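Participant: coordinates only, sequence not included:
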């Protein structure tokens, strides 16, 4: 969409007029406020206020918070291991990353954080909450949480740890590989390849009979790693994801390459309400191309792309710059990825009660649905003709149990004792 020169000039005039008002207010505060003020604090507050008129994933990060964010993507930091989001004036849990203090304490998607170390979270921003939970390992953080089904808030005393997120780990079940991808950080695709090779080694050097790719409670991360992992399971020259900026401009398309592609074995992807962003890109690409069967519950529904900009004073801007679309043209914004087979994480559980993108304040609304034959039909509750398998019989994880039985029914009946070894993240 082209903007006429006159319209652009009018917009600039309005901007300059508003900046004059801002400068005048700033001057009044600096010169006349009843107490002395911190100019840096005022400016950071003004920036935060401006960004809070936009979507919930656009954030300003002061230098200390931005430094922590950069550490996050490397996969090692001191803290609890919680992914959080704003819902109105409240802060809620999106996911507790596996094998972190938060997960061991039993925090779940949808839990509301009421207080952190006796300070109310009401009206606080995410940067404040993240900073409160981060810090030296061995120090206690007191969280007050509320959960559906609780009669009253509960306190959890959690000890910070060195969070070294092992982004990929796996196990072998009767020749079927299980790989858990916990988030998308630097080199996650490399670690996935190493883990699959390790499982083939445990399988006597033979090709795997199938793979379960577990993306549950994976809050996302780096887009390039989501593209690389999708590419690993797809033949060459297929669309993985398309991104489009304002008014459909700055469109980019990521396509698969015809190298290092995994064998065409049966593939199941596990998802739930904690599967967001990059996880949804992978699930959507593999579902649209018919490469994988998706099992679990509806995903989070974050269909936007952010870029991170480092500013001159060491602070950072996380800015939403585009929407992304699956290969068939679906936007999963607000909707999420619908599994082919609904399998709740808990026995007898009812999916759909967790917090998702659509519950967040100021989220982008879903775009109108364009009918496409590639879009999935209404999900089924369980695959047809599913047969019990003694290798999976004792598993306490319903989606994993069902996915293994499903692949086993497709790949033959060869059985073996489950084998597990250390993860391959480092």
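Facilitator: Sure thing, it's come through. All values derive from a computational prediction rather than experimental measurement.

Participant: hmm, who's touching the longest strand along the chain?
Facilitator: Ranked by residue count, the top strand of the chain under DSSP state E comes out as strand 316-325. By Cβ atoms under 8 Å, 6 or more residues apart in numbering, the residues outside strand 316-325 that reach it are 54-55, 57-61, 63, 65-66, 69, 241-245, 250, 252, 281, 303-311, 331, 333, 364, 367. Just so you know, the C-beta spots here come from the backbone N, C-alpha and C atoms, and that holds for glycine as well.

Participant: switch the cut-off to 7 Å
Facilitator: Contact with strand 316-325 is made by 55, 57-61, 66, 69, 241-245, 250, 281, 303-311, 331, 333, as judged by Cβ atoms under 7 Å, 6 or more residues apart in numbering.

Participant: Narrow those residues to those in helices?
Facilitator: 66, 69, 281 (DSSP state H).

Participant: Which residues are in contact with the second one?
Facilitator: Spelled out, it's residue 69. 61, 316.

Participant: can we see that at 10 Å?
Facilitator: 59, 61, 77, 127, 130, 308, 316, 318 (Cβ atoms under 10 Å, 6 or more residues apart in numbering).

Participant: Over to residue 387?
Facilitator: Neighbours of residue 387 in contact, by Cβ under 10 Å, 6+ apart: 405-406, 408-409, 413.

Participant: Likewise for residue 37?
Facilitator: Applying Cβ under 10 Å, 6+ apart to residue 37 gives the contacts 26, 29-31.

Participant: Find the pair from these with maximum spatial separation.
Facilitator: Greatest spatial distance among the contacts of residue 37 (Cβ to Cβ): 26 and 31, at 9.5 Å.

Participant: list the contacts for residue 101?
Facilitator: By Cβ under 10 Å, 6+ apart, the contact list for residue 101 reads 79-82, 107, 133, 137, 141, 156, 158-161, 163.

Participant: Residue 147: neighbouring residues, count only.
Facilitator: When neighbours are counted by other Cβ atoms under 10 Å, residue 147 registers 14.

Participant: now swap in residue 79 and tell me
Facilitator: Neighbours of residue 79 (other Cβ under 10 Å): 25.

Participant: Got the phi and psi for it?
Facilitator: Here is the backbone geometry of residue 79 (degrees, to the nearest 10): phi 170, psi -150.

Participant: Now the closest residue in space to it that isn't next to it in sequence. Its backbone dihedrals?
Facilitator: Nearest non-adjacent residue to residue 79, counting by Cβ to Cβ, 6 or more residues apart in numbering: residue 134, 4.4 Å away. Residue 134 has phi and psi values of phi -80, psi 160 when expressed as degrees, to the nearest 10.

Participant: Compare neighbour counts for residue 26 and residue 31 and give me the winner.
Facilitator: Between residue 26 and residue 31, counted using other Cβ under 10 Å, residue 26 has the larger neighbour count: 15 against 8.

Participant: So what's the predicted local confidence for the more buried one?
Facilitator: Note on residue 26: pLDDT of 92.

Participant: Residue 404: helix or strand, and which one exactly?
Facilitator: According to DSSP states H and E, residue 404 maps onto helix 398-411.

Participant: Identify each buried residue in that helix, please.
Facilitator: Neighbour counts using 16 or more other Cβ atoms under 10 Å place 398-409, 411 of helix 398-411 among the buried residues.

Participant: With distance to residue 345 and pLDDT added, can I get those in JSON lines?
Facilitator: Listed next are the buried residues of helix 398-411 as JSON lines, based on distance: Cβ to Cβ, whole Å; pLDDT from 0 to 100:
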{"residue": "398", "distance to residue 345": "7", "pLDDT": "94"}
{"residue": "399", "distance to residue 345": "6", "pLDDT": "96"}
{"residue": "400", "distance to residue 345": "10", "pLDDT": "97"}
{"residue": "401", "distance to residue 345": "11", "pLDDT": "96"}
{"residue": "402", "distance to residue 345": "11", "pLDDT": "95"}
{"residue": "403", "distance to residue 345": "12", "pLDDT": "96"}
{"residue": "404", "distance to residue 345": "15", "pLDDT": "97"}
{"residue": "405", "distance to residue 345": "16", "pLDDT": "96"}
{"residue": "406", "distance to residue 345": "16", "pLDDT": "95"}
{"residue": "407", "distance to residue 345": "19", "pLDDT": "95"}
{"residue": "408", "distance to residue 345": "21", "pLDDT": "94"}
{"residue": "409", "distance to residue 345": "22", "pLDDT": "91"}
{"residue": "411", "distance to residue 345": "24", "pLDDT": "65"}
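
Participant: out of those residues, which one sits closest to residue 148?
Facilitator: Taking Cβ to Cβ as the measure, residue 148 lies nearest residue 398 of these, at 20.2 Å.
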